[in-house]
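# 3D model of this:
(chains A and B)
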Amino acid sequence: MKDDHPSIIGRFQAGFRNSPRGFIFFSLLPTLILVLAFTYYPFLRGIVMAFQNYQLFDLTNVRFIGLDNFKNIFNDPKFKHAAVNSAYWVFISLILQFTIGLTVALMLSKRFRGRGIFQGFVFYSWALSGFLIGLIWKWMFNSQIGVINDLLLRTGIIQERIGFLSDPNWAMTSVIIANVWYGIAFFAIMLLAALQSVPSELYEAGSMDGASGARKLFNITMPYIMPTVITTTLLRAIWIFNDPSIIYGLTNGGPAGSTHILSSLMLDKIMYGGDYGAASAIGIVMIGILLLYTIFYLSVTRSAKMGDF
Amino acid sequence: MAAKKGKRMLLVAIAGVLLLSVMAGCSSNGGSGKKVTLRMIESLTSPGRTTVLKEMISKFETANPNITVELISPPFDQADNKIKTILGAKQDLDVLEVRDLTVSEFANNDYLEPLNDYVKDWPDYATEVDVAKSVATLNDKLYFITNGMYQRQMFYRKDWFQELGIEPPKNYEEMVAAAVKLTDPSKNRFGFSFRGGAGANSVPDTIILNANFDRIDHEDSMFLTDGKTMYSTPEAKKAVDLYVKLYKEGSPKDSINWGYQEQVQAFTSGVTGILLQDPDAIPALMEKMDVSTIGTAPMPKGPSGKAFTATGGGGWGITKYSKHKDEAFKLISFLSSPEQNTYFAQKTALIPIHSTASNDPFFQTDLYKSLLEMSSKPDEFVNLKANTKYPGTGQWGQVAMETGQSMLLGQVSVEDTLKKWDQFWADQRANLK
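Residues are numbered from 1 along each chain as shown, chains lettered A, B, ... in the order given. Now for the predicted structure:
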């Protein structure tokens, strides 16, 4: 009975019945608006800014300047230094995070008393913000009152205090150590989940054929978890490359710019220089690098092996 | 049928949401009540300070029941960027904390309402000291009412100085000599709480300023009376050599990265013996140290036997686009009254803005005495207005820090560093509109 009532809702309904596309569009609209407003608009705006003189302290003088921002950053020795640092930062962090994370996951995949608590401790670092981790390690690395120097001195490993963050030869190593500590948990969580999905029959069959532990690891475990390995290392490399928070909290790129990576340099241009143009130009260069990296990585590892994520 | 019903429910729900949002839109636009909500943001945030501020605001709200104040307190490190973002996007904001470092940038972008007309009818303005007014003034326009001032003095370890039989230094030469003497890395003891990280420019700028004492343009303090920058003189070279010696021989190597926190922490934990700091460091010193081991002295002087003192400060301003300017000034004048401001200054360890406050016994104690001594000798300690008219003032800290670190690490020579500094300020002057 209500269906014959010619209400507004009824008319809406009739309209949608005749045109399901309209209804689909209507349903998608809220999401579309959000994605356009918060993902694509800033992205496009950033691209436009990269070609503009856009300085926060003088917004009355915003104008297009062609490729000047790109010329400036490519001529800046700080940019080159940060690019080289980014390569070290991603490569070394990723290898160490993965190797240690895999070892932890293998250890945790066996049952033992207190495994749950131990797991909690291992995963704890992943729950902290990168900025906070930067601050914590900053005090630990402090050469006068930091705990690391104190322990090394007391155990007689070193005789003289090390300026972990003030000595340019040490600073990059120190920030990478903090980053490795942070990222181990991610690999441990992800790889542990993958390990738990390996059917135990495979190991039983392996044992019957007389395979050793190492043989089982490389011939059963690794091939089985390979899709997870590929996806996690790909993702993690991008995150490490993009994430300035640890460096920002630890050294802020110092001393004398020696620990800047591209993303922290970009942040620096905004936070201290107010130069959104130069920062956007760096951002575009970063997007380019990531695009090339992804194409290369996926073609090398053949995307067919990718797992669903 | 069930599917149809479900569909109808969905449509009703959508219609309901739309209706609600339309109603919400109407009510916020067409509100007719006289209640006013002021949005206010602070910049020099710290947990203790925010508590005091909230306490004062709630007193204001009690006295003015039709005004509510919504205080935003971003963490100190991000506060000024947050404020810039809000102003840039013209988000709702009535009262904001403007600092000597940001006033030029904000005024340049036309974000601030000049307060000259407002203070005409404000009786307490008469007792506000000139320095507090001058900090907040740019081109004869008053952009904020100062809420507290800071000025550096020297804190030193009385016991260490007595041990070595040395007197508190009176000039920079003596200070560097004392720092070198106090330094003994084997005991993890160093002379000077050096600051090579954020805020690094303050010490070298002050030494250079004092080295050029007689030639400094008082109206444009990074420059000499002949229009060149103060970094271009042979005296500047000598001053920076002294500064490098202070780092290399009298300070911990690690301090090249230190900011305010580390600098104060090193002094309170007995690693360093001399600290040049604003009075806002006093609460930390009193909490963590035996007060009898702390001595204070006036800031070191330059070769001329005189020193420039720079009084800095922040305060409350009103946004140009605020819809409630009168209420906003009512709040500011309440917070800036002699009673409230003196209370605020005591709690946050700053120098109060009203001349009547110096009689307060709180400011007569040892830790504040040198500050008062400095202000009582205006011929020896000449107050110099902080130079904030250049848009690059905020950027200078970062430039000076990075180039300074390269110099301290020996990667770049003193001469080349001074050339960069000279260039930075010469450009600022050339580009000033």
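
# Which stretches in chain A count as strands?
A:52-53, A:63-64 (DSSP state E).

# With just CA atoms, put stretch A:152-164 into CSV.
Output of stretch A:152-164 as CSV, limited to C-alpha atoms (Å, rounded to 0.1, in the frame of the first residue of the first chain):
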residue,chain,number,x,y,z
LEU,A,152,80.1,1.2,26.8
LEU,A,153,82.4,3.1,29.2
ARG,A,154,81.5,0.9,32.2
THR,A,155,82.1,-2.3,30.4
GLY,A,156,85.4,-1.0,29.1
ILE,A,157,84.5,-1.4,25.4
ILE,A,158,85.4,2.3,24.8
GLN,A,159,87.7,4.6,26.7
GLU,A,160,86.4,7.9,25.3
ARG,A,161,82.9,9.0,24.8
ILE,A,162,81.5,8.8,21.3
GLY,A,163,79.5,11.6,19.8
PHE,A,164,77.0,9.3,18.2
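
# Just name the most buried of the strands of chain A.
strand A:52-53 (a mean of 18; mean count of other CB atoms under 10 Å in any protein chain shown). No exception for glycine: its C-beta is placed from N, CA and C like everyone else's.

# domains of chain A?
What automatic domain parsing lists as the domains of chain A is A:2-49, A:68-305.

# Of those domains, flag the one that's most buried.
Per stretch, and counting mean count of other CB under 10 Å, the top mean among the domains of chain A goes to domain A:68-305, which has a mean of 17.

# is that one anywhere near chain B?
Yes - counting by CB under 8 Å from any CB of the partner chain, contacts between domain A:68-305 and chain B involve A:142-145, A:160-161, A:163, A:165-168, A:251-252, A:254-257, A:268, A:271-274.

# Spatially central, which residue of chain B would that be?
B:Gly313 (5.5 Å; CA atoms, centre = their mean).

# and that one, that's in a strand?
Yes - assessed with DSSP: H, G, I helix; E, B strand; the rest coil, B:Gly313 lies in a strand.

# Please name the bridge partners of it.
B:Met149 (DSSP bridges).

# The stretch 251-400 of chain B against chain A: which residues are in contact?
So the stretch 251-400 of chain B meets chain A at B:252-257, B:262, B:265-266, B:269, B:271, B:391-392, B:394-395, B:397-398 (CB under 8 Å from any CB).

# and if we set it to 7 Å?
For the stretch 251-400 of chain B, the residues found near chain A under the criterion CB under 7 Å from any CB of the partner chain are B:252-254, B:256-257, B:262, B:265-266, B:269, B:271, B:391, B:394-395, B:398.

# Pick out whichever of those residues sits closest to A:Gly288.
Nearest to A:Gly288, judged by CB to CB, of these is B:Gln398 at 26.7 Å.

# Not counting its neighbours along the chain, what's nearest that closest one?
A:Tyr272 (3.8 Å; CB to CB, 6 or more residues apart in numbering or on different chains).

# So the one you found sits against B:Ala400, correct?
No - using CB atoms under 7 Å, A:Tyr272 is not in contact with B:Ala400, being 11.2 Å away.

# phi, psi of the spatially closest residue to B:Thr225 that is not a sequence neighbour?
Nearest residue to B:Thr225 in three dimensions, chain neighbours excluded: B:Asp217, at 5.0 Å (CB to CB, 6+ apart). As for B:Asp217, its main-chain torsions (degrees, to the nearest 10) stand at phi -80, psi 110.

# ok, B:Asp217 touching B:Lys228?
No - B:Asp217 is beyond contact range of B:Lys228, at 9.9 Å (criterion: CB under 7 Å).

# shaky segments in the chain?
Picked chain A for this. Within chain A, the stretches with pLDDT under 70 are A:1-6, A:302-309.

# oops, I was thinking of chain B
Checking chain B against pLDDT under 70 turns up B:1-33, B:433.

# just the strands in it please.
B:36-41, B:67-72, B:95-99, B:137-138, B:141-142, B:145-150, B:153-157, B:190-192, B:272-277, B:294-297, B:307-310, B:312-318, B:381-384.

# Go through those strands and pick out the most buried.
strand B:190-192 comes out most buried of the strands of chain B by mean count of other CB under 10 Å, with a mean of 27.

# What strands flank it, and is each parallel or antiparallel?
Assessed with DSSP bridges, strand B:190-192 is paired to strand B:272-277 (parallel).

# Give me the angle between the partner strand and strand B:145-150.
Relative orientation of strand B:272-277 and strand B:145-150, computed by axes from the mean of the first three to the mean of the last three CA atoms, to 10 degrees: 160 degrees.

# Export strand B:272-277 to PDB, keeping only CA atoms.
What follows is strand B:272-277, C-alpha atoms only, in PDB (Å, rounded to 0.1, in the frame of the first residue of the first chain):
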ATOM      1  CA  THR B 272      78.700  22.000  32.300                       C
ATOM      2  CA  GLY B 273      79.600  25.000  34.400                       C
ATOM      3  CA  ILE B 274      78.300  28.100  32.600                       C
ATOM      4  CA  LEU B 275      74.800  28.600  31.100                       C
ATOM      5  CA  LEU B 276      73.500  31.700  29.300                       C
ATOM      6  CA  GLN B 277      69.800  31.500  29.500                       C
END
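
# Strand B:153-157 and that strand, what's the angle between them?
Angle of strand B:272-277 versus strand B:153-157, following the same axes, to 10 degrees, is 160 degrees.

# next one: strand B:272-277 to chain centre, how far?
18 Å (CA atoms, centre = their mean, to the nearest Å).

# distance of A:Leu36 from chain B?
As for A:Leu36, its distance to chain B is 18 Å (criterion: CB to the nearest CB, to the nearest Å).

# The residue nearest to B:Thr225: neighbour count?
As a burial measure, B:Asp217 scores 16 neighbours (other CB atoms under 10 Å in any protein chain shown).

# still on that earlier bit, among the residues of the stretch 251-400 of chain B next to chain A, name the buried ones.
B:252-254, B:256-257, B:262, B:265-266, B:271, B:391, B:394-395, B:398 (16 or more other CB atoms under 10 Å in any protein chain shown).

# so which pair among these is furthest apart in space?
B:Val271 and B:Pro391 (37.7 Å).

# re earlier: report the contact partners of the residue nearest to B:Thr225.
B:223-225 (CB atoms under 7 Å, 6 or more residues apart in numbering or on different chains).

# For whichever residue of the stretch 51-200 of chain B sits closest to chain A, grab the count of nearby residues.
Going by CB to the nearest CB, chain A is nearest to B:Glu105 of the stretch 51-200 of chain B, at 4.6 Å. Residues near B:Glu105, counting by other CB under 10 Å, number 26.

# so what's the nearest residue to it once chain neighbours are set aside up against?
Leaving aside its chain neighbours, B:Glu105 sits nearest to A:Phe57 (4.6 Å; criterion: CB to CB, 6+ apart). Neighbouring residues of A:Phe57 by CB under 7 Å, 6+ apart: A:274, B:105, B:108, B:391, B:394.

# quick revisit: test my guess that the residue of the stretch 51-200 of chain B closest to chain A contacts B:Tyr390.
No - between B:Glu105 and B:Tyr390 there is no contact under CB under 7 Å: 9.4 Å.

# Could you check which residue of the stretch 51-200 of chain A lies nearest chain B?
For the stretch 51-200 of chain A, CB to the nearest CB, closest residue to chain B: A:Ser143, 3.7 Å.
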